[in-house]
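Peer 1: here is my input, please return the structure:
(one chain, ligands or ions: 1)
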Amino acid sequence: MRKPLIVGNWKMNNSVAESVSLVDKLKVLAKDVAGVEIVVAPPFTALFSTRDVIKGSNIKLGAQNIFWEDRGAYTGEISPLMIADIGCEYVIIGHSERREYFKESDEIVNKKIKSTIRNKLKAVMCVGESLKDREEGRTMQVIESQMRKGLEGISNSELQTPNSEFQLVIAYEPVWAIGTGRNATQSQANDVHIYIRKLLLQILGEYAASVTRVIYGGSVKPSNSAELMSEKEIDGVLIGGASLDADSFVQIIRSACMV
Ligand code: 13P
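Peer 2: Coordinates of the predicted model:
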């Protein structure tokens, strides 16, 4: 049984004060939640203060991106070592906004996944098709290519941390559903999740295919989260806009407890 994972990706939103106030409220609202893993991914500038607020709570810390080298002359970049040092457990890799605006290729995603794993962090690797891909019937082809290239050269044994937690999460985020208010239907999402699990079996083997959580992202809100997570293959959600409001975020978290 895979533990549901709910990740709030705040993207480029929230000052330090706004981040602290949001997570302070969330911490109180979600304090009795058990059996669900909760992660917030604030902007880099708010990681430190957010970490202090969530200390001792059931909320974990994630980063929205990393560079693939541990240190060196890479002006403006943040390394996985720094992210681990600040107390992050998770890193979002290959979000479609990074692929689109910063031209992150599958090769770059692969380097970042490898450096995440090397530094004993957990990677949330994002995959997803554009509207054009879907309309032209290429969804599964795009997903397969992103999965195979993103995970190239990674073995099952590398994905196990010393405390035997698995380091890989796949987030299926159809690009056309992100920030548009138009979520994938339950069955559209589930079909892709089933396919992703089949690919995990082929690429990483049986164990990885059984423990890797495959979560859905794209216009998740309190009104559709329970329905999406009621699908056997949808192990949680990656939330953008709705995670910026503690009340709607906690409603989504609670909907994971009910499934
Ligand atoms: P929205 O929930 O705002 O559609 O964003 C989804 C997303 O990109 C999460 O990473």
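Peer 1: roughly how far apart are the residue in the stretch 101-250 of the chain positioned nearest to the ligand and residue 132?
Peer 2: When scored by Cβ to the nearest ligand atom, the stretch 101-250 of the chain has residue 240 as its residue closest to the ligand, at 2.3 Å. C-beta here means a position set from N, CA and C on the backbone, and glycine is covered the same way. Look at residue 240 and residue 132: by Cβ to Cβ, to the nearest Å, they are 21 Å apart.
Peer 1: between those two, which has more neighbouring residues?
Peer 2: residue 240 (21 against 11; other Cβ atoms under 10 Å).
Peer 1: wait, the more buried one sits on residue 7?
Peer 2: No: contact criterion Cβ atoms under 8 Å: residue 240 and residue 7 do not qualify, at 10.0 Å.
Peer 1: tell me which element the spatially closest residue to residue 258 that is not a sequence neighbour is part of?
Peer 2: Using Cβ to Cβ, 6 or more residues apart in numbering and skipping residues adjacent in sequence, the residue nearest residue 258 is residue 226, 6.1 Å away. Residue 226 is part of helix 225-229, with elements assigned from DSSP states H and E.
Peer 1: again, but for residue 75
Peer 2: Using DSSP H and E, no helix or strand contains residue 75.
Peer 1: could I get the phi/psi values of it?
Peer 2: phi -50, psi 130 (degrees, to the nearest 10).
Peer 1: for residue 172, same thing?
Peer 2: Per degrees, to the nearest 10, the backbone of residue 172 is at phi -90, psi 110.
Peer 1: ok, the one 5 residues further on next?
Peer 2: When quoted as degrees, to the nearest 10, the phi and psi of residue 177 stand at phi -100, psi -10.
Peer 1: and this structure, which of its residues are near the ligand?
Peer 2: Residues of the chain lying close to the ligand (Cβ under 6 Å from any ligand atom) are 9, 95, 173, 178-179, 217-220, 238-242.
Peer 1: report the lowest-confidence entry in those residues.
Peer 2: The pLDDT minimum for the residues of the chain next to the ligand sits at residue 179, where the score is 90.
Peer 1: surely it meets residue 220?
Peer 2: No: when contacts are counted by Cβ under 8 Å, residue 179 is not listed as touching residue 220 (11.1 Å).
Peer 1: before we move on, the earlier item: counting contacts, what elements does the helix holding residue 226 pack onto?
Peer 2: Under the contact criterion of 3 or more Cβ pairs under 8 Å, 6 or more residues apart in numbering; DSSP states H and E, helix 225-229 touches helix 186-204, strand 236-239, helix 246-258.
Peer 1: mind checking the pLDDT average for that helix?
Peer 2: 96.
Peer 1: and that helix, what's buried?
Peer 2: 225, 226, 228, 229 (16 or more other Cβ atoms under 10 Å).
Peer 1: counting contacts, what elements does the strand or helix carrying residue 113 pack onto?
Peer 2: Residue 113 belongs to helix 106-118 when elements are defined using DSSP H and E. Contact analysis of helix 106-118 by 3+ Cβ pairs under 8 Å, 6+ apart lists helix 80-85, strand 90-93, strand 122-127, helix 139-150 as its packing neighbours.
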